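**Q** Next one to model:
(chains A and B)
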2 protein chains.
Amino acid sequence: MSYKVGIVGATGAVGQELLSLLESRAFPVSELKLFASARSAGKRIEALGRAVEVEEATDSCFGGLDFVIFAASGSLAKELCPAAAAAGAVAIDNSSAFRMDPEVPLVIPEINPEAAREHKGIIANPNCTTAIALMATYPLHQQFGLKRLITSTYQAVSGSGVAAMAELETQMGQLSRGEETTVDAYPYQIALNALPHVDAFLETGYTKEEMKIVNESRKIMGIPDLIASCTCVRIPVMRSHSVSINAEFERPVSVEAARAAIEAAPGIDLVDDPEALRYPMPLEFAQKENCGAGRFRKDLAFENGLAYWVAGDQLWKGAALNTVQIAECLAES
Amino acid sequence: MSYKVGIVGATGAVGQELLSLLESRAFPVSELKLFASARSAGKRIEALGRAVEVEEATDSCFGGLDFVIFAASGSLAKELCPAAAAAGAVAIDNSSAFRMDPEVPLVIPEINPEAAREHKGIIANPNCTTAIALMATYPLHQQFGLKRLITSTYQAVSGSGVAAMAELETQMGQLSRGEETTVDAYPYQIALNALPHVDAFLETGYTKEEMKIVNESRKIMGIPDLIASCTCVRIPVMRSHSVSINAEFERPVSVEAARAAIEAAPGIDLVDDPEALRYPMPLEFAQKENCGAGRFRKDLAFENGLAYWVAGDQLWKGAALNTVQIAECLAES
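**A** Purely as a prediction, here's the structure:
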C-alpha cells in the first residue's frame, strides 16, 4: 500500500524536515504534492527522488490525497484543514489551531496512538516542547501516577523558523568580529542571551506557549486534573529543546525504577551516568529521532517527587518526526 | 576612616571585578595589597590609581591589613582565611569553604547585614546563583512567608572563570567560520549548547552547585526547614545568571503585592511589563549592580504560589559586588 501525500508549508523549516524524514523512514509515497503561500508557488523542490513544483495552497487543492500534512500558520491551518478533511484526506496539523478541540485527537504515537485512529479527518500534532517533555514524563506517569508537573524550558531558535536560525548564526559571527548585532527575529539579541518569552503573553502573565504545555500535557496523557505550571525560555541553541522537570507522583518513586521505565519506553534514550559526565544535551540530540532523558534524582521538594532533564530535536520529535509517525500509525492500521 | 585591603586571587575574573568595584564605589582604601599564586607573583597590576606588584599568598602575608578579600579556590581559602583572621583582618571569602560553617556568617547585605557584624574573623560570600535568586525571593518571603522553593538555573560561563569566557568567544568565532570547535573549559562544547551540569556530581545525583542553592538559601534567609530543590544548567551566556523560580508561600499571594515588594526592596529592579515585552534578560543585567526580577504570575502548581524570573551579573552581585558590600557594611558600623 502506498499513499498520496500533500505538504502545506513545504518550503519552511518543518516542511523541509518532513520531506527528509518521509524519505529516510521510507514512508510509502505514491504521489507527492507540495503547497505553500502564493509567494513560493512555482518554485521547484527536489524531494523523495522527484522534482515537484510548489502549488499555492487553496481550499480546492486537496482532491485525491490520502494525507495532508500542515506545517504552516495556525490561521492557514484553521482555514484549510477542514477542506483537506472534506476532500477525503486525513489532515495532520502542526499548528496549535485544533489541539484543544475536543473533536480532534492530539497525538504522540508512543503515548496515545489509539487516539489517532479515532480521528474525524483532522489530527493535531502537539507543541514541540510538550512532545519532548512528555516522552520522558509519560513512562514515569505509567509507573508512579503523575500528580504535579513543574517545567522550565530551554528552547532552541528553530522553533521560530529558518530566519531565526540564520539570525543566531549571523549574530555569533558579528559578535566574534566585534560588530553590532542585527536584531530582527526576536525583540532582543538572542546570541549570548536568554529570553523568558516564547509566543505571545496572555493577561494572566503566562505566555501562550506555557499554557500549551500545561493544557496539552493533560489532554495527551489523559490526566484532566493534572496540576501543572511552566516557564518558557528561549536560549541560543540551534534546534533542540531541553526541559528541566520537577514532577510529583501519587505513589512512592525510586530513581532506579524511573531509569528502568525510561529504558523500556520507545523513542527515548536514557543518558544518565553522572560519574561519567553523561547527561542529555541539546547539541547531542539535534537530528536524532529519539529524545534523551537524564539527571534523574529524588526531588527534594516533594515526598514522591523526581527531578529530571530531557532534550530532543525540536524540528523532529517536536514537529516533523511526530507528524510522520502519526501518518505511519494510520498507514499501519 | 580608610582601610588597608588585601585581595587574594587578584588576577582572576572575580579579582579584576573587585578592583574595579572598589574604585567605582569609592571604597576608602589607604593601602592595597594584591596576592595570587606563585605563578602570578611579581606581575604588576594598575588598580585604584596605583601600580601594585602581586605577591605570593602565604599564611604570613596578611599582617596589618583590615580586610582580606578571597577570590580564590576553596582549598586556598580553607588554608589562608584563618591566617588572615589570626593576623587581625576580616577575611571575606568568595569560595564555598566556610559558607555552611555555623561559626561563619553567610551574608547578602540587603538580606542579613546584622549577621556580618557578628563575625569571628571570617565572613562567607554566597554562591553566585543563590545571591541572585534570593535578591528577588527574600522580599517575597518577608511578605508571604516562603515554604517551598523550586529553581532551574540558566548560568553564564563567567562562573567558570576567564578561560571559559574566552572559550565561548572562540567557539562562536569557530562556528561562524564553519570550523571545528576547541573544547577545554567544559567536558562538551558550550556554544549552541546547554549543559545540565554545574560543579561536581554528588552520590544523590544532585550537583554541589544545586545543594549550595538549597542549603545557602536556608541559612541566609533564616528558614532552616525550607523545602527546596534545584537544577543547575550552564548556557552560552557570558556573565549574567538567570533563574526560573516556582515558590510556594504560607500566606495568600498576589502578583500586585509581589511586584510592590520587589519595587520597595534594595538592589533589585522590577522589570515586568509583558505588554511592552519587558522582562529581565541576562544580557541587560551584565555589569549592572542591581539584579532584575519579572515575569511575576500566580503559580498554577500551588495554592499560594508565585512563578517568576531573575537575572543578575554573576561576577558582580554573584561575587565581587556582594563582597565589597560586605566590607562596606563593616566599614560603616
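
**Q** Work out for me the element residue A:123 sits within.
**A** If you go by DSSP states H and E, residue A:123 is part of strand A:122-124.

**Q** Just the buried positions in that strand, please.
**A** A:122-124 (16 or more other Cβ atoms under 10 Å in any protein chain shown). The way it works is simple: take the backbone N, C-alpha and C, and place the C-beta from them, glycine included.

**Q** Which neighbouring elements make contact with it?
**A** Applying 3 or more Cβ pairs under 8 Å, 6 or more residues apart in numbering or on different chains; DSSP states H and E, one finds that strand A:122-124 contacts helix A:74-86, strand A:90-93.

**Q** Let me know which of those is tucked in deepest.
**A** Sort the helices and strands packed on strand A:122-124 by mean neighbour count, taking mean count of other Cβ atoms under 10 Å in any protein chain shown, and strand A:90-93 sits at the top with a mean of 27.

**Q** any idea of the mean pLDDT in the next helix or strand after that one?
**A** Reading on from strand A:90-93 to the C-terminus, the next helix or strand found by DSSP H and E is helix A:113-116. For helix A:113-116, mean pLDDT rounds to 97.

**Q** What is the neighbour count of residue A:16?
**A** 19 (other Cβ atoms under 10 Å in any protein chain shown).

**Q** My reading is that it is in a helix; is that accurate?
**A** Yes. Looking at residue A:16 with DSSP: H, G, I helix; E, B strand; the rest coil, it is inside a helix.

**Q** In contact with it: list those residues for me.
**A** Listed by Cβ atoms under 8 Å, 6 or more residues apart in numbering or on different chains, the contact partners of residue A:16 are residue A:10.

**Q** ok, it to residue A:159 distance?
**A** 15 Å (Cβ to Cβ, to the nearest Å).

**Q** biggest helix in chain A by residues?
**A** helix A:128-144 (DSSP state H).

**Q** and it, how far out from the chain's middle?
**A** 13 Å (Cα atoms, centre = their mean, to the nearest Å).

**Q** Can you give me the buried ones in it?
**A** A:128-141, A:143-144.

**Q** so does the helix or strand that that helix is followed by get close to chain B?
**A** Using DSSP H and E, the helix or strand that follows helix A:128-144 in sequence is strand A:146-154. Yes. For strand A:146-154, a contact with chain B is found by Cβ under 8 Å from any Cβ of the partner chain, at A:148-150, A:152, A:154.

**Q** where in the stretch 201-333 of chain A is pLDDT low?
**A** Residue ranges of the stretch 201-333 of chain A with pLDDT under 70: A:333.

**Q** how about the helices in it?
**A** A:208-221, A:255-264, A:321-332 (DSSP state H, counting those that start in this stretch).

**Q** Compile these into TSV and extend it with columns for distance to residue A:193 and mean neighbour count.
**A** Formatted as TSV, the helices of the stretch 201-333 of chain A follow (distance: least, Cβ to Cβ, whole Å; neighbours: other Cβ atoms under 10 Å in any protein chain shown):
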stretch	distance to residue A:193	mean neighbour count
helix A:208-221	18	22
helix A:255-264	32	17
helix A:321-332	29	21
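
**Q** export those helices to JSON lines and tack on distance to chain B?
**A** What follows is these, written out as JSON lines (distance: least, Cβ to the nearest Cβ, whole Å):
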{"stretch": "helix A:208-221", "distance to chain B": "7"}
{"stretch": "helix A:255-264", "distance to chain B": "7"}
{"stretch": "helix A:321-332", "distance to chain B": "21"}
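
**Q** rewinding a little: what's the mean pLDDT across the longest helix of chain A?
**A** The predicted model assigns helix A:128-144 a mean pLDDT of 98.

**Q** Kindly calculate the angle that it makes with helix A:321-332.
**A** Per axes from the mean of the first three to the mean of the last three Cα atoms, to 10 degrees, the angle that helix A:128-144 makes with helix A:321-332 is 60 degrees.

**Q** do helix A:128-144 and chain B meet at all?
**A** No. Counting by Cβ under 8 Å from any Cβ, chain B is not contacted by helix A:128-144; separation bottoms out at 12.8 Å.

**Q** before we move on, the earlier item: looking at the helices of the stretch 201-333 of chain A, which is closest to residue A:91?
**A** Shortest distance between residue A:91 and these, using Cβ to Cβ, is found for helix A:321-332: 10.8 Å.

**Q** Only alpha carbons, please: show that closest one as PDB.
**A** Taking C-alpha atoms only, helix A:321-332 is exported to PDB below (Å, rounded to 0.1, in the frame of the first residue of the first chain):
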ATOM      1  CA  LEU A 321       9.000  13.400  13.000                       C
ATOM      2  CA  ASN A 322       6.000  13.100  15.300                       C
ATOM      3  CA  THR A 323       3.800  14.100  12.300                       C
ATOM      4  CA  VAL A 324       5.300  11.400  10.100                       C
ATOM      5  CA  GLN A 325       4.800   8.900  12.900                       C
ATOM      6  CA  ILE A 326       1.100   9.800  13.100                       C
ATOM      7  CA  ALA A 327       0.800   9.100   9.400                       C
ATOM      8  CA  GLU A 328       2.700   5.800   9.900                       C
ATOM      9  CA  CYS A 329       0.300   4.900  12.700                       C
ATOM     10  CA  LEU A 330      -2.700   5.300  10.400                       C
ATOM     11  CA  ALA A 331      -0.900   3.700   7.400                       C
ATOM     12  CA  GLU A 332      -0.200   0.500   9.500                       C
END
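
**Q** Residue A:216 is in contact with residue A:128, isn't it?
**A** No. With contacts counted by Cβ atoms under 8 Å, residue A:216 stays clear of residue A:128, the gap being 10.5 Å.

**Q** Stretch A:6-19: end-to-end distance?
**A** Stretch A:6-19 has an end-to-end distance of 11 Å (criterion: Cα to Cα, to the nearest Å).

**Q** starting at the chain centroid, how far to that stretch?
**A** 14 Å.

**Q** average pLDDT for that stretch?
**A** Rounded mean pLDDT across stretch A:6-19 is 93.

**Q** which ones are touching the closest residue in space to residue A:162 that isn't next to it in sequence?
**A** Sequence neighbours aside, residue A:13 is the residue nearest to residue A:162 in space, at 4.6 Å (criterion: Cβ to Cβ, 6 or more residues apart in numbering or on different chains). The contact partners of residue A:13, by Cβ under 8 Å, 6+ apart, come to A:158, A:161-162, A:165, A:315.

**Q** Tell me the one of the residues you listed nearest residue B:252?
**A** Using Cβ to Cβ, the contacts of residue A:13 come closest to residue B:252 at residue A:158, 40.6 Å.

**Q** Three-state assignment for that closest one, please.
**A** With three-state DSSP as the basis, residue A:158 sits in helix.
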